[in-house]
Structures are given as structure tokens and as C-alpha cells.
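Peer 1: Just the structure for this:
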Amino acid sequence: MALSSLAPERRDVLASAFGGVLVGPEDSSYDQVRLCHNGLVDKRPALLACCRGAADVAEVVRFAVAEGLEVAVRGGGHNVGGLGVADDALVIDLSLMRGVDVDPRTATARVQGGALWSDFNREAAVHGLAVTGGAISSTGVGGYTLGGGLGWLMGVCGLAADNLLEAEVVLASGDVVRAGPDEHEDLFWALRGGGGNFGVVTSFVFRLHRIPEVYGGLIAHPIEAGADVLRLYRDVTADAPDELTFFGGLIHAPDGSGLPLSALIVCHAGTREQAERDLRPVLEWGSPVMTEIGPMPYPVMNTLLDDDYPQGSLNYWKSTFLRDVDDGLIDTLVERFRTCPSPTSAMVLEHYHGAVTRIAPDATAIPHRETSHNLVLPSVWEDPETTDANIAWTRETFEAVAPYRSSARWINYYGADEERGAIAAAYGPNGERLARIKRRYDPDNVFHLNQNIAPATRGGA
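Peer 2: Next comes the predicted model:
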């Protein structure tokens, strides 16, 4: 049933029991509130329920189920597929729930489901603490963590999901439960990588790490050195310590000129002396056109890419783990980048290593626990007239690297049009267990406007 077809008195029933803010098409704020980060997504929900706490979320879930409504859940709204909003849906919006409470004595933080990493990092840094967060500070804590959460600190801290200690979850029944290692253990296992399939997470508790500063920044070389820069990335990451996270890629200058460059983005979470020693071979290599590397607070590191991905820009992304970064792949990337239609798109190689690889593949929902490289094709543009060309280029580039792709995929980078088999590629051998847990906690697939895991059939998986 579309929400717009409900009689006014039914909408009044929700309003009377709701402590947040309801926003519909008739409200002046509607066109602003319904937007997500990706300007390519233009959905018109029937109603957005901006919740203030778990009680509000539970009320909306019970109402939606009773009325047979489509339910979408939005935390930070950064998902490139725009899956937090949907046409004619009731959107559970957590944007008013951005509280962060850090306990420096236990090095933990309780974070509400609508918080952004900028919120989280600011509060944690007051105490010299941090945990792996999004490479862009406006990313939401919730969706990022539920999808696994790789980032600058993963070599020393593991994924965001690896540092989750417990979660408060509103289930499809409307019940509010705590999931942790000693309560709803199967749900807790699934939340660490299984996405938004199992309920609405209204708060997270994270383990934090002592990281008062990092040594990081950007080194850019002329695009003519692109192949050699990517080979340098490959060579340095072959024996990089846990403290050093390297992203390498072909990019466009962040000053808005559109100048194509080859670049290395680094974050070192060790001592300044160790960082200078580990980075010396990179800093002394070649003839860079820009070197901006030095000590900085982690929250600053977390903002270095923000300007490249502004709110409202048009985005279409593809990503895949690679079998290896061999010369054939490098040559293909360089060749494809020459044909890139947008002066703001990029190709990025992420080194997946360190602490993330020392966790068993079945310890959480995330099976990818081998040292590897993830290729991201974040296509970003401003002119809607070029949308078809940019999407076509991204898809064609993804197909061009097919000979070098592994079978593994990272679900946080999925768009809204992923191909058949994408869910299996994200979860591998953990997929069957996730489907069984889905059947237990959401047998009717109320939470299906996501990268959906279908409930297992009775007697089946």
C-alpha cells in the first residue's frame, strides 16, 4: 500500500504516538529532507519519519508493518545507491540521532544510528582516541559499520565492524533488543557486515584505540607517470607494516582544474619517526608535482577527500577485489583513464591488509580476510547531460578489468543496480548463515530496501 493512499486519520495515528518530526510532500522542508548524498538519486517518499530515539523507530516500524507499507531506513544517507530513500515509501530517518558519548576510562563510545564520522571523530579525538571510519567524514556511522567499514586505520584497528561491541536494534516486530557477544549472539554476528537486513540499529558501542595523531596526506605525480606510480604502490604495499595504509590511483586535481594526476594517499598510524622511515622510499621517488604529507590529528586525515565528493554531486560507482595488481591491470587502468569523461572521477586502489586479515572468515559476516587490493571506480560529475556517458564509462571500465578481478566484492560500494550474484560475491560462504538469521529476525523481509539478503526457506538454507 502506498502511504499516500492512507486516510488522514491513519496518518494522525502515527503522529499522535511519535516524538520526532514527520515530513511529507506538503511540507516546505520536504525537498531538502528527502535528498541523499548522491544527486543522481531523486526519490519521492510518501513520508519521512525523522526519529529522536529507539521508541520513535519502534513506533514507525509497528505502524508500517500494520499498514503494509514499504520501509526504507536512512542513517547518514551516503550510500551511493541511495537505498535509504524510495518512492512512495515510509522512510525511517535517523538524522536527528547524532549523539556520541565517549568513555575514556574504558576506551569505548556509544554512538546513535544517525551520527556521521565527523561527529564521531571529533568527540573521540578529544581523548586521543579513534577507530576505523569512513574515508569521507560525512559518511554515516551506521551504514558504513553494518557493511563492514574499511578505512585508513584498518591495518592497526581492523574494520569498524570488528570493533563493534554491542548494538541496540529495533526488529521488524517492533521489539527493541540488545545484540552483543552474550545476547542475541547470532544477530550480533550478522550485524557485523550483513548490512541493514536485520533491523534498525539505533545505537552502536565501539571499542576505541589510542591514536592521538597520524602521519598522512597526498603525493601527486604527473599523469604521464601513472603506470610507474601504480607499480610503486604495488611494490610498497607488498611489505607495508600494519601502521601504513596506502591508497593509490589515477585522479583529477582537487583544486577543481580537472588536471589528471597519478597519486598516492597515505595514512601512517605509528610514531612520527616510524612514519618518516617507512615513507622515505615513497617521498624520495620520482618528481612529484605536489607533496602534502605530515603529522595531523586523525579527524583531519578523515576530511582530506571530502571536497572530491561534495553533497549533491552525481555519482555512479563500481568496485571489486583483485587477484593481483599486475602489469596488465595497470596498463588497462591507465588506458581507460585516458577516456574518462568527467574531470572529477577517479580510479582508486585500496590496500586491504593488517589487522583485518587476522580475523577468521566466519568470525563475522565479512568473509574477506586475506591481504588484497580493492579497486574502486568512483565516477563523479556535475552535468546531468553527461550522465549516460559517465555511467557507460564506469561499466565499460569495470568490464575491462574483468580478467583481473577476484570473486570477492565489498558491499558498501554497491550501487542500486548490481548484477545477479553480487550478494553471493559479498558474503561467500557466510551467505547461508545470514539467510537463516534473516529468517529468524525478519521472516517477512520487511527490511528489503537494501542490498537484500532473502530469508532462508523453511527446511532450506
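Peer 1: pLDDT weak spots in the stretch 1-150 of the chain?
Peer 2: Scanning the stretch 1-150 of the chain for pLDDT under 70 picks out 1-9.
Peer 1: Break down the stretch 101-250 of the chain into its helices, ranges please.
Peer 2: Assigned by DSSP state H, counting those that start in this stretch, the stretch 101-250 of the chain shows helices spanning 117-125, 141-146, 154-157, 185-191, 226-237.
Peer 1: Tell me which stretches of the stretch 301-450 of the chain form helices.
Peer 2: If DSSP H, counting those that start in this stretch is used as the criterion, the helices of the stretch 301-450 of the chain fall at 327-337, 387-400, 422-427, 431-441.
Peer 1: Out of the helices of the stretch 101-250 of the chain, which is closest to Tyr441?
Peer 2: With C-beta to C-beta as the measure, helix 185-191 is the member of the helices of the stretch 101-250 of the chain nearest Tyr441 (6.0 Å). Where you see a C-beta, it was placed from the backbone N, CA and C, and this is true even at glycine.
Peer 1: Just the CA atoms of that closest one, as CSV, please.
Peer 2: Below are the C-alpha coordinates for helix 185-191, written out as CSV (Å, rounded to 0.1, in the frame of the first residue of the first chain):
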residue,chain,number,x,y,z
GLU,A,185,24.7,-13.6,19.5
ASP,A,186,23.6,-14.6,16.1
LEU,A,187,22.1,-11.2,15.4
PHE,A,188,25.3,-9.6,16.6
TRP,A,189,27.3,-11.8,14.2
ALA,A,190,25.1,-10.8,11.3
LEU,A,191,25.2,-7.0,12.1
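Peer 1: Could I get the full set of strands for the stretch 201-350 of the chain?
Peer 2: For the stretch 201-350 of the chain, strands defined by DSSP state E, counting those that start in this stretch occupy the ranges 209-210, 214-222, 244-252, 260-268, 290-296, 314-321, 347-352.
Peer 1: Next, format the ones you listed as CSV and append mean pLDDT.
Peer 2: Converted to CSV, the strands of the stretch 201-350 of the chain look like this (pLDDT from 0 to 100):
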stretch, mean pLDDT
strand 209-210, 98
strand 214-222, 97
strand 244-252, 96
strand 260-268, 97
strand 290-296, 96
strand 314-321, 97
strand 347-352, 98
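Peer 1: Take these and write them to CSV, including distance to Phe18.
Peer 2: Compiled in CSV, the strands of the stretch 201-350 of the chain are given as follows (distance: least, C-beta to C-beta, whole Å):
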stretch, distance to Phe18
strand 209-210, 38
strand 214-222, 42
strand 244-252, 43
strand 260-268, 42
strand 290-296, 43
strand 314-321, 32
strand 347-352, 41
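Peer 1: Relative to Gly194, which of the helices of the stretch 301-450 of the chain is closest?
Peer 2: That would be, of those and by C-beta to C-beta, helix 431-441, which comes in at 5.3 Å.
Peer 1: circling back: among the helices of the stretch 301-450 of the chain, which gets the worst mean confidence?
Peer 2: Set side by side, these differ in mean pLDDT, and helix 422-427 is lowest with a mean of 94.
Peer 1: Just say which of the helices of the stretch 101-250 of the chain is most tucked in.
Peer 2: With neighbours defined by mean count of other C-beta atoms under 10 Å, none of the helices of the stretch 101-250 of the chain is more surrounded on average than helix 141-146, at a mean of 29.
Peer 1: what's the closest non-adjacent residue to the most centrally placed residue in the chain?
Peer 2: The geometric centre of the chain, computed from its C-alpha atoms, lies nearest to Tyr144 (C-alpha atoms, centre = their mean), at 3.8 Å. With sequence-adjacent residues excluded and distances taken as C-beta to C-beta, 6 or more residues apart in numbering, Tyr144 is closest to Gly134, at 5.1 Å.
Peer 1: closest one to Gly140 among the helices of the stretch 301-450 of the chain?
Peer 2: Of all the helices of the stretch 301-450 of the chain, the one in closest proximity to Gly140, counting by C-beta to C-beta, is helix 422-427 (18.9 Å).
Peer 1: Give me the buried stretch members for that closest one, please.
Peer 2: Using 16 or more other C-beta atoms under 10 Å as the test for burial, helix 422-427 gives 423, 425-427.
Peer 1: gap between it and the chain center?
Peer 2: The gap between the average C-alpha position of helix 422-427 and the chain average comes to 16 Å, counting by C-alpha atoms, centre = their mean, to the nearest Å.
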